[in-house]
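A.B. asks: Predicted coordinates and the sequence they were generated for:
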Amino acid sequence: MRHQKGNKKLSKPTDQRLSLIKNLALSLVENNKIITTQTRAKQTQRFIEQLITKSKVDSVANRRYIFSKMNNKTFTKKIFTLADNYKERNGGYTKLINVGIRKGDGATLSLIEFVN
């Protein structure tokens, strides 16, 4: 069943929302941790964990799938090397830590990073 499989709108149109999630995922893979709002971090976590699960099996089809999602060759290479650390792990590749509240608008900030 597909109950409650939707995504948060993040107050953005579809193309802007997908672009935001992809850019956050790219920054996460490059820097190993990022600080963003809690809802954006949760959506990024959901997106990146699906990609890591797919990249645990290194095949041409999976490489093409990851490239089709991100359209970035360096990201594709990095995520396959990153997935080698999680071969025996069944999910939970990232963790969220609440950092505090942003001073300007009171949004809850979260740190998202990879689990070692």
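C.D. replies: Okay, I see it.

A.B. asks: for the protein, which residue is closest to the average position?
C.D. replies: I48 (2.8 Å; C-alpha atoms, centre = their mean).

A.B. asks: Look at the nearest residue to that residue once chain neighbours are set aside and tell me its secondary structure.
C.D. replies: Of all residues not flanking I48 in the chain, A25 sits nearest, at 4.9 Å (C-beta to C-beta, 6 or more residues apart in numbering). Using the backbone N, CA and C atoms, a C-beta is placed for each residue, glycine as well. The local conformation at A25, judged by DSSP: H, G, I helix; E, B strand; the rest coil, is helix.

A.B. asks: wait, what's in contact with A25?
C.D. replies: Contact analysis of A25 by C-beta atoms under 8 Å, 6 or more residues apart in numbering lists T44, F47, I48, L51, M70, F75.

A.B. asks: Which of the residues you listed fall in strands?
C.D. replies: Using DSSP state E, no member of these falls in strands.

A.B. asks: pLDDT for those residues - can I get that in a markdown table?
C.D. replies: Output for the contacts of A25, formatted as a markdown table (pLDDT from 0 to 100):
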| residue | pLDDT |
| --- | --- |
| T44 | 97 |
| F47 | 97 |
| I48 | 97 |
| L51 | 97 |
| M70 | 96 |
| F75 | 97 |
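
A.B. asks: If you rank these by neighbours, which is first?
C.D. replies: Among the contacts of A25, T44 has the most neighbours (other C-beta atoms under 10 Å), with 24 neighbours.

A.B. asks: and the gap between that one and D58?
C.D. replies: 23 Å (C-beta to C-beta, to the nearest Å).

A.B. asks: next one: K87
C.D. replies: K87 is 10 Å from D58, where distance means C-beta to C-beta.

A.B. asks: Compare those two (neighbour count), which wins?
C.D. replies: Using other C-beta under 10 Å, the more surrounded residue of K87 and D58 is D58, with 11 against 8.
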